[in-house]
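[1] okay, here's the prediction I keep looking at, along with the sequence it came from:
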Amino acid sequence: MIRGLYASATAMLATQKQSEVIGDNVANIKTPGYKEQLASNISFPSLLIQRMGGNLPSGIVQIGGLGTGVGVDRVALSNVQGALQTTDLKTDLALTSPGYFVVQTPGGERYTRNGHFQLDANGMLQSPDGYALQGANGPIGPLSSEFSVKADGTIMDKGQIMDRLRVVDIPVEALKREGQSLYSATQPIQVSTTAQVLQGSIEASNVDLSGQMIQMMTVMKAYEANQKVIQTQDEMLGKAVNEVGKI
């Protein structure tokens, strides 16, 4: 009975973590370049149940397995590309191929698919957080307001080649989220040679709102079911202690 309490409690903790992940996804549904998070569960090791005694020569009867609970194994990222939204702003860039833009932060290089960039007072391309967008030769700029970006990432300004966007390939399992749409890498990265860029557009979040609502309802029902199981087991435990013990 005590094991049942622990199993139900771990299930409630797992559903609570899942609801947090879903809430985070819904909150970032309008964040450009945001990647939907997916929480996967893992079962704790099962125990083998045996009944002692009986008519078998060995005196042991195999009953079956007993689950010991469940937990959230890991939170992965969905690498599905979000819809492209046309903005007609020259500083907005969207990747139409796999890969990530590179920005320089105080903590080192970070990676993003949020292409909502802007020109600072010195004509340098940067993210909304003020992080410099990186090209093959380092920070990109200074640029005029009439610069253009070709499909291969080449940046042109006043008829001259200024630089080329540095786009890197990172396996989704090697991404570590930092903020809404900023990531670090947990393993070496490679510069993409096949990146495709679309100027005047941004990639929207890839969160499926209807799917998230269905998952939220499923998680809530699972939480309520385990809550009722704990209440039932608590009542049975109380009767075992207070009533059966009197006999």
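    Okay, I see it.

[2] check contacts around the residue nearest to the spatial centre of the chain.
    The geometric centre of the chain, computed from its C-alpha atoms, lies nearest to residue 37 (Cα atoms, centre = their mean), at 2.7 Å. By Cβ atoms under 8 Å, 6 or more residues apart in numbering, residue 37 lies in contact with 21, 24-25, 75-78, 177. Just so you know, the C-beta spots here come from the backbone N, C-alpha and C atoms, and that holds for glycine as well.

[3] below-threshold pLDDT in this protein: ranges please.
    For the chain, residues meeting the criterion pLDDT under 70 lie at 1-3, 43-69, 71, 73, 244-247.

[4] domain assignment for it?
    Annotated domains of the chain cover 2-78+207-246, 84-203 [automatic domain parsing].

[5] just those domains: most buried one?
    By mean neighbour count, with neighbours taken as mean count of other Cβ atoms under 10 Å, domain 84-203 ranks first of the domains of the chain at a mean of 17.

[6] start to end distance for that one?
    Counting by Cα to Cα, to the nearest Å, you get 5 Å between the two ends of domain 84-203.

[7] now the helices for this structure?
    With DSSP state H as the criterion, the chain has helices at 2-27, 209-242.

[8] test my guess that residue 125 contacts residue 144.
    No: counting by Cβ atoms under 8 Å, residue 125 does not reach residue 144; the two are 11.8 Å apart.

[9] returning to that earlier point: closest to residue 133 out of the helices of the chain?
    Set against residue 133 and scored by Cβ to Cβ, the helices of the chain come closest in helix 2-27, at 25.4 Å.

[10] what angle separates the closest one from helix 209-242?
    160 degrees (axes from the mean of the first three to the mean of the last three Cα atoms, to 10 degrees).

[11] who are the packing partners of helix 2-27?
    With contacts defined as 3 or more Cβ pairs under 8 Å, 6 or more residues apart in numbering; DSSP states H and E, helix 2-27 has these neighbours: strand 37-43, strand 70-77, helix 209-242.

[12] now these in TSV, with distance to residue 106?
    Formatted as TSV, these follow (distance: least, Cβ to Cβ, whole Å):
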stretch	distance to residue 106
strand 37-43	25
strand 70-77	24
helix 209-242	33
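
[13] right, so of those, which gets closest to residue 137?
    Closest among the helices and strands packed on helix 2-27, once you apply Cβ to Cβ, is strand 70-77, at 29.8 Å.

[14] mind listing what the closest one pairs with, with the direction of each?
    Sheet pairing of strand 70-77 (DSSP bridges) gives strand 37-43 (antiparallel).
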